[in-house]
Every structure is written in C-alpha cells, then in structure tokens.
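Peer 1: What shape does this take:
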Amino acid sequence: MSPRPAEIVADGLAFPEGPRWHDDRLWVSDQHAGRIVTVTATGRVETFAEVPTGPSGLGWLPDGRLLAVAMGARAVLRFDADGPVVHADLRSLVTRDCNDMVVDATGRAYVGNFGFDLYGGETPCETVLVAVDPDGTARVAAEGLAFPNGSVITPDGRTLLVGESMAGRISAFTIADDGSLGGRRPWATLAGATVDGMCLDAEGCVWVACPATGRALRVREGGEILDEVAGSHPGVYACMLGGTDRRTLYLCTAPSHEPERTLAERTGRIEAASVSVPGAGFP
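Peer 2: Sure, this is the predicted structure:
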C-alpha cells in the first residue's frame, strides 16, 4: 500500500505533540519548546500558555477548563480563569516523565508515562496508567504497560484503547462506572512499529502515528492496515481528526524526537490530509 502525502499546514515548531481539535482550532503541545499553541485551519499559530516542564497530553473538563500534562513535573495542570494550577500531582504514582492523556466526557483523565529515563539511556521497563478523577484525585488504573501512549475512548465511554509504544501494540480495557479499568485484551499488534499518538474514527478504527516510518496508519481491530498517510519529516509522532466535519487528519511531524536537535532546528510541522470517515469518541 502506497501512503498518501499530507500537506504542510504550519511550520516552525520545535516538537509538536498531543494534538486535539477544540473550539474550531487544533491545540498542540510544542513539547520541547515548553508551550501550548493553537493552530487555525489556515496555519496561524498562537501561543496559549507556557509550560516550562514540557506539555504533553491535553483535554478539557466539562466546564471548558483545559487540562494539560506537565511532563517533567509529573503533574496534570488545570487552567483556571486566573491561570494554571496543579490539578493532580502524580509524583507518588509514577517515577519518570508523564506523557499523553485522554479526558472523557465527565472530566476523568487517563495519563501515561515513560517508566524509564528515555534520554538517559535507561533500559525500557513496564509502567502504569494513572486515572485522575474530575476532582483531581489520582490512582493507578492499570499496570504492566510498555510506555503507555496515545489513549482513546470509544463514543459510549466504555472502552479505553492504549498504545504501548515500546511493544508495538494497542491494548483495550473495559471502563467501569467508577473509571476503573478491567478486562485487558489485545486490540492490535503492529509488527516492527512503534505506536505513538492515536485518534478514533466513526467506524471504530484508529489512526495511529508510527514515528520511525514517518506515517500514520489507519488500523482495524486485529491489526489490518486500511490506509496510510505520510508526513514530510522522517517522524510522525501524533495525529488527530479535526476540522468542522472531523474529516481532516492532522499530523504532528518532526525530523527527530531529540530535545536539543528539535529546539535548535525548530522545523516541527503540522500537516493534514482529508479522509472519508470522520473522527469519533475521545479525544
């Protein structure tokens, strides 16, 4: 299958990650630059907030307040009217940087983390997924995950899919009424691929970013690849279905994930391609 090319929407970012479509704009964590930005359909980039410890996953409470992962602080921030505050301190639950996050319709968040020092040469190890209730109470929701990343929740709020980056697989969990997770089961395995940011479409398939390939893949449960979109950089790190009809697939691309290089070069991009099946569920 030959991948379709994406078109460049915006350039000049350091390392774009965690894209979310909200209020007719794409919200993006320019991770290594320590800021959250918004991107219009015409490519205008505006800084929303600075997060010096590195922003990652984004989501919203039912009242419209933004939640954002502060990676190095191992916390979830909440942006109130008078500025950011710590919504949940996760330092007692995780040992390394936090990363992606999905927030459901009630404001409950599920937050991943590295589990090891990615840039310090530590050996990869399994870690936990943390659930953060709307009031900021946090607890371990699942264990034994290989770099949990790119979580999505089905439209009925009953199933959580988690990308395990270091295992090249997507795992599924049943979500109980209290937000606890159970019934872990394999959803898809992508042989030889690293799984990163994901989004869900209305046919129950996921678009998943596979950094080392420079592509986003549309994957059906079981692992069948149905479509591919290629970015202009060697790395595609996250994707999101947005636009007014949620039929625009946005890609976050960069030449590398190394902080020093991406900060020096600032060639990270937002790219886009049209798809036929609209987005669904969360984010």
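
Peer 1: C-alpha only now, for contacts and for neighbours.
Peer 2: Will do.

Peer 1: so who does the residue with the largest distance to the centre of the chain touch?
Peer 2: Residue farthest from the centre of the chain, counting by Cα atoms, centre = their mean, is residue 82 at 26.3 Å. Residue 82 is in contact with no residue at all, counting by Cα atoms under 8 Å, 6 or more residues apart in numbering.

Peer 1: Sketch out the helices for the chain, chain order is fine.
Peer 2: With DSSP state H as the criterion, the chain has helices at 259-265.

Peer 1: How much space separates residue 259 from residue 114?
Peer 2: As judged by Cα to Cα, to the nearest Å, residue 259 and residue 114 stand 15 Å apart.

Peer 1: for residue 182, same thing?
Peer 2: In this view, residue 182 and residue 114 are 22 Å apart by Cα to Cα.

Peer 1: Between the two, point out the one with more neighbours.
Peer 2: residue 114 (26 against 15; other Cα atoms under 10 Å).

Peer 1: can you count the residues close to the closest residue to residue 42 other than its chain neighbours?
Peer 2: Once flanking residues are discounted, residue 42 sits nearest to residue 9: 6.9 Å by Cα to Cα, 6 or more residues apart in numbering. Counted with other Cα under 10 Å, residues neighbouring residue 9 total 19.

Peer 1: Residue 9 is in contact with residue 268, isn't it?
Peer 2: No. Using Cα atoms under 8 Å, residue 9 makes no contact with residue 268, being 11.0 Å away.

Peer 1: Let me know the distance separating the residue lying closest to residue 19 once chain neighbours are set aside from residue 247.
Peer 2: Excluding its sequence neighbours, the residue lying closest to residue 19 (Cα to Cα, 6+ apart) is residue 28, at 4.5 Å. For residue 28, the distance to residue 247 equals 18 Å [Cα to Cα].

Peer 1: Pick out whichever of these two has more residues nearby.
Peer 2: residue 28 (28 against 18).
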